[in-house]
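Undergrad: okay, here's the prediction I keep looking at, along with the sequence it came from:
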Amino acid sequence: MRVFASIEELADVSPVDDGVQVVTAVTVERDAGGQPVCVAETVSRLVRDVAR
């Protein structure tokens, strides 16, 4: 079985201490399926290296 993930949209970008928070909508599908096996929002924090 093969699975494929795609970022559907960049839902939100907001400032946080020392960086930004990014929320994306992700869909995971399998090779022979008619429906997605997972639809989720991921939350990532991108922080600056303040030691530099």
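TA: On my side now, so go ahead.

Undergrad: okay, CA-based contacts and neighbour counts for the rest of this
TA: OK.

Undergrad: where do the strands sit along this structure?
TA: For the chain, strands defined by DSSP state E occupy the ranges 3-16, 19-30, 38-47.

Undergrad: most tightly surrounded among those?
TA: strand 19-30 (a mean of 15; mean count of other C-alpha atoms under 10 Å).

Undergrad: what angle separates that one from strand 38-47?
TA: Here the directions of strand 19-30 and strand 38-47 differ by 160 degrees (axes from the mean of the first three to the mean of the last three C-alpha atoms, to 10 degrees).

Undergrad: picking that back up, okay, the strands of the chain in CSV with mean pLDDT next?
TA: Formatted as CSV, these follow (pLDDT from 0 to 100):
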stretch, mean pLDDT
strand 3-16, 92
strand 19-30, 95
strand 38-47, 95
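
Undergrad: how far away is Q35 from E9?
TA: 18 Å (C-alpha to C-alpha, to the nearest Å).

Undergrad: cool, and A40?
TA: Distance from A40 to E9, counting by C-alpha to C-alpha: 11 Å.

Undergrad: can you pull the residues that touch both of the two?
TA: Here A40 and E9 share the contacting residues A25, V26, scored by C-alpha atoms under 8 Å, 6 or more residues apart in numbering.

Undergrad: what does stretch 29-36 rub up against?
TA: Contact with stretch 29-36 is made by M1, R2, V3, F4, A5, T27, V28, V37, C38, as judged by C-alpha under 8 Å, 6+ apart.

Undergrad: since that was my last question, I'll sign off now.
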